[in-house]
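# Got a predicted model here, sequence first, then my questions.
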Amino acid sequence: MKPRVFIISFVIILLGLSGCKEYWDDHYDVYPETVDQNIWEAMQADPEISEFVQILKQLELDTLFLSDIPYTLFAPSNNAISQYLSEGSLDTLIIKYHISSFLVNSGTITGEKKIQTLSRKFAFFEKSGTYAKFDDIELKKESPLFLNGKYFVMDQVAKPLPNLYQYFVINNKLLADYIDSQDSIILDRERSKPIGFDEDGNTVYDTVSIIFNKFEAMYFPVKHEFRNTSATVVFPKQDDYRESLNLMAQDMAVPGINDYNDIPLDWQNEVLIPHLLDQGVFLNRLEPEEFVWESPKDTLKLQNIKGDSIQIFYTPVEKTLCSNGYAYNYDNYIIPDSLYMGGVKFEAEWLLRETGVNRFAWTQRATVRSDSPFAPAREYISTASNDSIVRVIFPKGYTGNYSLEFNSQKIFPRRYVMVVRTHMDIGGIYDIYVNDQLVKTFDYYEFVRYRGLMFSVTGQTYLPVGRFNRFDMYVDNIHEYGRAKIRFEYKAPGNAPSNGLVIDYIEFIPAAN
């Protein structure tokens with residue numbers, strides 16, 4: 001019985017080996033006839049791309065094919081090159097953009113893939129079913145695999161895609177200039193060598209400096225290109241941007257501000273452009289349908305590149321493919337009036353810096369003149385504007401000198417109501433100046449006289465919140481965009497319950513002329 005079983009097993013093994021050999025021969029021992037042929041020979045023999053071959057010779061790029069290093073070429077047809085030359089010239093950068101030092105096997109690609117070209121820029125290769133595209137240009141022919149690469153043929157010359165920064169250099173130079181303005185020079189600690197210490201014990205370096213761009217660190221490195229990282233930037237083109245500034249100038253109705261030329265560049269760089277970037281820079285390439293509301297009653301929320309959730313109230317248009325993302329224009333961009341018609345609030349605690357536990361000193365933005373060294377304090381109050389106030393206490397009946405001077409945020413030239421929120425029990429008599437002009441003399445005893453009810457210059461009534469309330473004054477001497485210089489000068493103790501100065505905040509509210 002055993003010899004018979006052995007014979008049957010031996011026959012099965014032989015049949016299996018025979019089947020394996022057939023499978024191997026069918027799938028692995030059959031090579032295309034071209035695999036031993038140099039791709040350069042094949043391209044020279046293809047009459048459809050003879051013009052492209054000739055240009056490669058003129059630029060001495062035919063030397064690439066002297067080795068066995070594989071290349072993939074995206075060769076424009078003769079008709080494509082003739083049409084392109086009728087409108088412009090082909091330089092080395094454009095030709096190198098059609099060559100990749102990587103072998104692109106379309107059979108293994110589904111969807112879109114970034115490929116690096118000899119121009120050091122990335123291009124997009126897309127495969128869907130039997131169709132393949134190079135930067136959205138259809139590839140009509142694919143060669144077999146040769147010894148050192150393969151080539152595709154297309155009926156259009158591809159232009160190297162601009163990166164997002166290059167796109168804005170062309171379409172809105174103001175944003176490109178803003179990005180450049182964010183460059184700063186910093187110490188490269190890894191490349192710098194410590195050579196000793198200064199008299200304060202700080203390390204002294206043999207300095208190697210590098211350029212650090214704050215915009216690219218906060219948002220996206222728009223000047224650089226990556227294989228797997230991209231961004232979407234929605235920002236109005238230059239003409240649309242300027243028209244939005246024209247509408248803003250008309251809406252403000254401020255003498256001297258008539259069109260986009262009169263809107264201060266400082267305001268655009270410090271307020272408008274950061275607002276647009278927060279509203280319009282996203283990680284990855286977002287398609288137009290991702291900005292569409294599901295219904296008119298809904299609001300669309302997206303996460304911007306900083307990780308903040310923002311509401312989208314606009315429609316992006318004119319999608320442009322860049323080498324490191326998408327750039328969109330706005331459909332009918334209008335600047336929100338909240339950016340220029342609302343008030344500006346200055347929190348008093350911005351004037352202090354902490355020097356120890358519950359110990360504070362004035363920052364450099366505050367100038368104090370006093371006969372006695374009164375230390376400022378920051379007191380946390382739940383009902384305060386930003387949960388804290390600045391407090392300076394004088395001896396009761398103090399008759400000496402004291403003044404506090406500082407600059408507000410930048411504001412537009414117009415008439416304002418300047419509101420001061422303060423404590424009703426701490427004060428005295430103060431002269432208040434804006435840009436060295438006396439705008440109000442205020443006696444804190446008025447809080448007692450009017451039982452906490454204060455009447456605004458506009459006719460409204462300020463109601464107390466606990467022991468806090470407000471008083472205000474008109475300010476008519478803001479004649480140009482900039483910071484208002486504010487000064488509180490102590491004149492006398494008056495009849496206030498306690499002498500000193502308490503400020504929660506100061507607010508500039510645009511007023512009718």
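That came in fine, so what should we check first?
# So for this protein, the centremost residue is which one?
Closest to where the C-alpha atoms of the chain average out (C-alpha atoms, centre = their mean) is residue 219, at 3.8 Å.
# so what pLDDT did the closest residue to residue 112 other than its chain neighbours get?
Excluding the flanking residues, the one nearest residue 112 by C-beta to C-beta, 6 or more residues apart in numbering is residue 126, at 4.6 Å. Any C-beta I mention is one placed from the backbone N, CA and C, and that applies to glycine too. Per-residue confidence (pLDDT) for residue 126: 92.
# okay, now residue 126: neighbour count?
19 (other C-beta atoms under 10 Å).
# Contact partners for it?
111-113, 132-133, 136 (C-beta atoms under 8 Å, 6 or more residues apart in numbering).
# same thing with residue 490?
Here residue 490 is in contact with 394, 398, 401-403, 428-430, 501 (C-beta under 8 Å, 6+ apart).
# Can you name the next helix or strand after the helix or strand that contains it?
Using DSSP states H and E, residue 490 sits within strand 482-492. Per DSSP H and E, the first helix or strand lying C-terminal to strand 482-492 is strand 498-503.
# does residue 247 count as helix, strand or coil?
helix (DSSP: H, G, I helix; E, B strand; the rest coil).
# Check the one 3 residues further on too.
With three-state DSSP as the basis, residue 250 sits in helix.
# got the buried residues for the helix or strand where residue 138 lies?
Assigned by DSSP H and E, residue 138 falls within strand 137-142. Across strand 137-142, burial judged by 16 or more other C-beta atoms under 10 Å covers 137, 139.
# That one pairs with which strands, parallel or anti?
Partners of strand 137-142 in the sheet, by DSSP bridges, are strand 131-134 (antiparallel), strand 149-154 (antiparallel).
# rewinding a little: now the one helix or strand the residue nearest to residue 112 maps to, how far from the centre of its chain.
Assigned by DSSP H and E, residue 126 belongs to strand 122-128. Computed by C-alpha atoms, centre = their mean, to the nearest Å, the chain-centroid distance of strand 122-128 equals 27 Å.
# sorry, back to before: nearest residue to the residue nearest to the centre of the chain other than its sequence neighbours?
residue 281 (4.9 Å).
# Next one: the one you found from residue 79, what distance?
Distance of residue 281 to residue 79, computed by C-beta to C-beta, to the nearest Å: 40 Å.
# next one: residue 125
Applying C-beta to C-beta to residue 125 and residue 79 gives a distance of 22 Å.
# between the two, who's got more neighbours?
residue 125 (22 against 12).
# Contact partners for that one?
So residue 125 contacts 104, 106, 109, 112-115, 132-134 (C-beta under 8 Å, 6+ apart).
# and which of the residues you listed is nearest to residue 51?
Residue 51 has its nearest neighbour among the contacts of residue 125 in residue 134, at 17.7 Å by C-beta to C-beta.
# Please report phi then psi for the nearest residue to the closest one once chain neighbours are set aside.
In this structure, residue 134 finds its nearest non-sequential neighbour in residue 74, 4.8 Å apart by C-beta to C-beta, 6+ apart. Dihedral pair for residue 74: phi -110, psi 90, per degrees, to the nearest 10.
# Touching, residue 74 and residue 156? I think so.
No - contact criterion C-beta atoms under 8 Å: residue 74 and residue 156 do not qualify, at 10.1 Å.
# Need the pLDDT of residue 129.
86.
# swap that for residue 210, please
pLDDT at residue 210 comes out at 66.
# again, but for residue 68
86.
# quick one: it from residue 474, how far?
Counting by C-beta to C-beta - residue 68 and residue 474 are separated by 83 Å.
# Which of those two has more residues huddled nearby?
Per other C-beta under 10 Å, whichever of residue 68 and residue 474 has more neighbours is residue 474, with 15 against 9.
# Please, which helix or strand holds the more buried one?
Per DSSP H and E: strand 468-475 holds residue 474.
# List the buried residues for that strand?
Buried residues in strand 468-475 (16+ other C-beta under 10 Å): 468-473, 475.
# lowest-confidence helix or strand of the protein?
helix 2-27 (a mean of 46; mean pLDDT, DSSP states H and E).
# Following the chain onward from that helix, which element is next?
helix 39-44.
# Return the backbone torsion pair for residue 228.
Torsion angles, degrees, to the nearest 10, at residue 228: phi -120, psi 10.
# shaky segments in this structure?
Along the chain, segments meeting pLDDT under 70 span 1-33, 185-193, 195-196, 200, 204-210, 295-298.
# Tell me where it has helices.
2-27, 39-44, 50-58, 78-85, 92-96, 164-171, 173-181, 214-218, 238-252, 265-267, 273-280, 446-449 (DSSP state H).
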